[in-house]
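1. sequence unavailable; structure follows:
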């Protein structure tokens, strides 16, 4: 896949299609695909990265730099209809544990506009747990700016953002829950010799993508509503039984019962 085609995927990967059901096999595959996409993002900017195939108590993505540091990362994706996201949705403390003593940095990548834009415990946790909060839009920015880490450029100052922010004397304890992206955005731009205006242009383009995607998702959902409204009583009953997975639950209980 060419870099241009890959960038088109990065633009969209942060948003789970509404047609994919929650907790479904398709959703798990989408999550794994996002890990692979994020690993390639790190590879494109000069790190040796891989998505870890084994699930469990370990990081989904591990990357190594020629500058001698390593990092773990987690890719987050959300539906446009998902609201009221809280700290559990981002699992910052879990990512910090995955870093452990073996790795130097922990990076969380989620859709930029899905992060809270006001006060949130997510931000104070990122500081205390030393987890760098980035977005798919930040990764897209690095790709579009053709940033590649080499002997003359280390991106360590980006990954180390929580520690650098805490060193800022202007961050009072009471302000630790404030949105950190004004700081993070500046750190990213400074490290790659870009301006905040450059990043704002990128964000505005991403807003346009999201608006287009929103219209597409709404159209799909409205079509689904029309289809359901056309169901006969028998079809509606079958769909309700299927959606609640009642037969699957019965089969699981029968299997357990027969094993006794």
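-> Alright, I've got the coordinates. From a predicted model like this one, the values you see are computed outputs, not experimental measurements. Numbers count the residues shown, from 1 in each chain.
2. so where's this protein uncertain?
-> Within the chain, the stretches with pLDDT under 70 are 54-56, 84, 169-174.
3. buried ones in the longest helix belonging to it?
-> Under DSSP state H, the helix in the chain containing the largest number of residues is helix 196-229. Residues 199, 202-203, 206, 209-210, 213, 217 are the ones in helix 196-229 that count as buried (16 or more other C-beta atoms under 10 Å). In short, each C-beta sits where N, CA and C put it, glycine included.
4. need those in TSV (columns: distance to residue 157).
-> Listed next are the buried residues of helix 196-229 as TSV, based on distance: C-beta to C-beta, whole Å:
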residue	distance to residue 157
199	16
202	20
203	21
206	24
209	28
210	29
213	32
217	37
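5. show me what the longest helix of the chain is packed against.
-> helix 3-12, helix 136-144, helix 181-191 (3 or more C-beta pairs under 8 Å, 6 or more residues apart in numbering; DSSP states H and E).
6. of those, which is nearest residue 232?
-> Across those, residue 232 has its closest neighbour in helix 3-12 (36.3 Å, C-beta to C-beta).
7. next, the angle from the closest one to helix 196-229.
-> Between helix 3-12 and helix 196-229, the angle comes out at 70 degrees (axes from the mean of the first three to the mean of the last three C-alpha atoms, to 10 degrees).
8. what's the burial count for residue 97?
-> Per other C-beta atoms under 10 Å, the neighbour tally for residue 97 reads 15.
9. SS state for it?
-> helix (DSSP: H, G, I helix; E, B strand; the rest coil).
10. and for residue 107?
-> Residue 107 ends up strand, using three-state DSSP.
11. count of neighbours near it?
-> Residue 107 has 25 nearby residues by other C-beta under 10 Å.
12. hang on, isn't it packed against residue 131?
-> Yes - using C-beta atoms under 8 Å, residue 107 makes contact with residue 131 at a distance of 7.4 Å.
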